[in-house]
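[1] can't give you the sequence, but here's the structure:
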């Protein structure tokens, strides 16, 4: 037998590195040590915190990749290019129209606003955007309405992207969206004007003038404003309840990355413009760099949204990853019946109202699927949320009045009907007859069974029959 060829030192080193990487990463992401997160102490608790951090980072990367965050950032970058000038025009128009006496000379601060908003400082881009905004203010009423519509589309696109990351549907109608958008157009210019007015007042104060002599205060204030703005964005935009701690965690990551990206991308852009890029693209090179910067900005913002989601749902995400639980819509009816039975059981026994996370953990579903199922039951007025710090669910009425037939109808649409389209031919009549028979069979099989009856049959202690009793 011929001997196997000896492996070289390079292959051996690569294999050792792989083994070391697997061992270290396995040690850092071992979910079993999370049991010491609350009940451990000393080194065990420290290791549990380290493992929790690395598991958190791993799940953020996985979830961001699964929702295609970079592709959504590219789409939002394109929408932002169309909406940036309309937003700027609307803000400055509202300030000049309604707050002109309160914030005099605000028009001269547009360059400062743009330097704080755009992903990197560029005097050329800031100058051109400011001039565009000044010229656009002379537009007609029809043009102003078009600007408002384009800006509103950006608001809707951002809300859709955030809800996709949070795995929820938008529960806001267009009326609520328009009201939120109107509030944005009222409070946004007001806060921007107040920020610059406050800075001017501080500069006039002889006691605080010493602090404002350096650049430190002008460096730290924009960062604080960005943090507050991102916190409000991550807290209010998702169509679900977001804890303020989760929103602040995402805002902290986004503000830090946004500040670093602005600094690093500014240095990189200056080298490109002063180098060969300026010879190849000319003035258009600024537009190319600006487009790339906006896309990176949205990547950072969506990453912050993802951090908020994983921060609030870390253990649910870990459970879904470990058990390889998939979100299967075909199981929605099953989890709906299991969920409403458990909710009614706890209600009858005066136990604590279960949350979506507890129900998902109990039944082995994903958090997103259980939230979707409970949302449908809530829309059908079968359950109602309760609680302030966290949301639990209780029956919306007496469990004996909640029919299983109603749950099936709202989850799958039991009332099957034929649309009023096309001629009344034999095929149409045959399909309609099948639907009628199917509806009748379902109603007959369920026989107006209530959820309260199912709960009693499952959980009421059964009395032994006389013939089954054994006399000792």
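    Happy to help now that I have it. Just so you know, these numbers come straight off a predicted model, no measurement behind them.
[2] Show me what stretch 381-401 is in contact with.
    Residues from elsewhere that reach stretch 381-401 (C-beta atoms under 8 Å, 6 or more residues apart in numbering): 241, 339-340, 343-344, 347-348, 352-356, 374, 377-378, 402, 406-407, 410, 450-453, 455. Quick note: C-beta positions are derived from backbone N, CA and C, even for glycine.
[3] Let me know whether residue 75 touches residue 157 as I believe.
    Yes. Taking C-beta atoms under 8 Å as the definition, residue 75 is a contact partner of residue 157 at 7.2 Å.
[4] who touches the closest residue in space to residue 412 that isn't next to it in sequence in this structure?
    Sequence neighbours aside, residue 333 is the residue nearest to residue 412 in space, at 5.7 Å (criterion: C-beta to C-beta, 6 or more residues apart in numbering). Residues in contact with residue 333, defined by C-beta under 8 Å, 6+ apart, are 407, 408, 411, 412.
[5] which one of the residues you listed is nearest residue 80?
    residue 411 (38.4 Å; C-beta to C-beta).
[6] Surely residue 374 and residue 356 touch.
    Yes. Residue 374 lies in contact with residue 356 (C-beta under 8 Å); the separation is 5.5 Å.
[7] Just the buried ones from the contacts of stretch 381-401?
    Buried by 16 or more other C-beta atoms under 10 Å: 339-340, 343-344, 347, 353-356, 374, 377, 402, 406-407, 410, 450-452, 455, out of these.
[8] Those in helices, which ones?
    Members of those lying in helices (criterion: DSSP state H): 339-340, 343-344, 347, 356, 374, 377, 406-407, 410, 451-452, 455.
[9] Show me this protein divided up by domain.
    9-65, 67-316, 329-459 (automatic domain parsing).
[10] hmm, back to that, mind picking the two most distant members of the ones in helices among the buried ones among the contacts of stretch 381-401?
    356 and 452 (22.1 Å).
[11] so where's the stretch 101-250 of the chain uncertain?
    101-145, 147, 169-219 (pLDDT under 70).
[12] To clarify, my last question referred to the stretch 301-450 of the chain.
    In the stretch 301-450 of the chain (pLDDT under 70), the answer is 320-327, 388-390, 413-418, 420-424.
[13] ranges for the helices of it?
    Ranges of helices within the stretch 301-450 of the chain are 314-322, 332-348, 356-363, 367-379, 404-412, 426-446, based on DSSP state H, counting those that start in this stretch.
[14] And the last one, what's buried?
    Translated: helix 426-446. 442, 446.
[15] Same question for the fourth one.
    For helix 367-379, burial by neighbour count (16+ other C-beta under 10 Å) applies to 367, 368, 369, 370, 371, 372, 373, 374, 375, 376, 377.
[16] and that helix with helix 356-363, angle?
    110 degrees (axes from the mean of the first three to the mean of the last three C-alpha atoms, to 10 degrees).
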